[in-house]
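Enquirer: Based on what follows, work out the 3D shape:
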Amino acid sequence: MSTEFDYFGDPKVGKLLDLVLQLSTELHVTRQRVRVVEALLTRSGALTAGAVDEFVSTEEEQQVLDRERDALLARLMRILTEHGPAEHPLRDQWEAALSEKTG
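Expert: Here you go, the predicted model:
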């Protein structure tokens, strides 16, 4: 982590803050979009009020939901485990991923 952005004196605390900010952003955007979609569907009559809360997924739908949850968690954990300067913190991970694809 570049000392230019090291406000806490400990890079781990900075990474934790990055994680919290990323989670907050993801949550805010998701909640807003879900509320808009529910409102539009309810207005059009395609969805009754409260239908989302009563939803029960099929096994296939649950697998999709689980995969999306796992992908989100992987992105968040990457924030905690990445290393390198702030300008390009994932350079080592990027180069490793590229070499796996070409190797």
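
Enquirer: longest helix in this structure, by residue count?
Expert: Secondary structure of the chain read by DSSP state H shows that its longest helix is helix 11-44.

Enquirer: Quick check: buried residues in that one?
Expert: Neighbour counts over helix 11-44 (16 or more other Cβ atoms under 10 Å) mark Gly14, Lys15, Asp18, Glu38 as buried. Glycine gets a C-beta too; all of them are placed from N, C-alpha and C.

Enquirer: JSON lines for those residues, including pLDDT and distance to Ser57?
Expert: JSON lines is the format used below for the buried residues of helix 11-44 (pLDDT from 0 to 100; distance: Cβ to Cβ, whole Å):
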{"residue": "Gly14", "pLDDT": "81", "distance to Ser57": "38"}
{"residue": "Lys15", "pLDDT": "81", "distance to Ser57": "34"}
{"residue": "Asp18", "pLDDT": "85", "distance to Ser57": "32"}
{"residue": "Glu38", "pLDDT": "94", "distance to Ser57": "17"}
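
Enquirer: Put together TSV for these, with distance to Arg31 on each row.
Expert: Shown next, in TSV, are the buried residues of helix 11-44 (distance: Cβ to Cβ, whole Å):
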residue	distance to Arg31
Gly14	26
Lys15	24
Asp18	20
Glu38	11
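
Enquirer: which one of these is nearest Gly50?
Expert: Taking Cβ to Cβ as the measure, Glu38 is the one of those closest to Gly50, at 9.7 Å.
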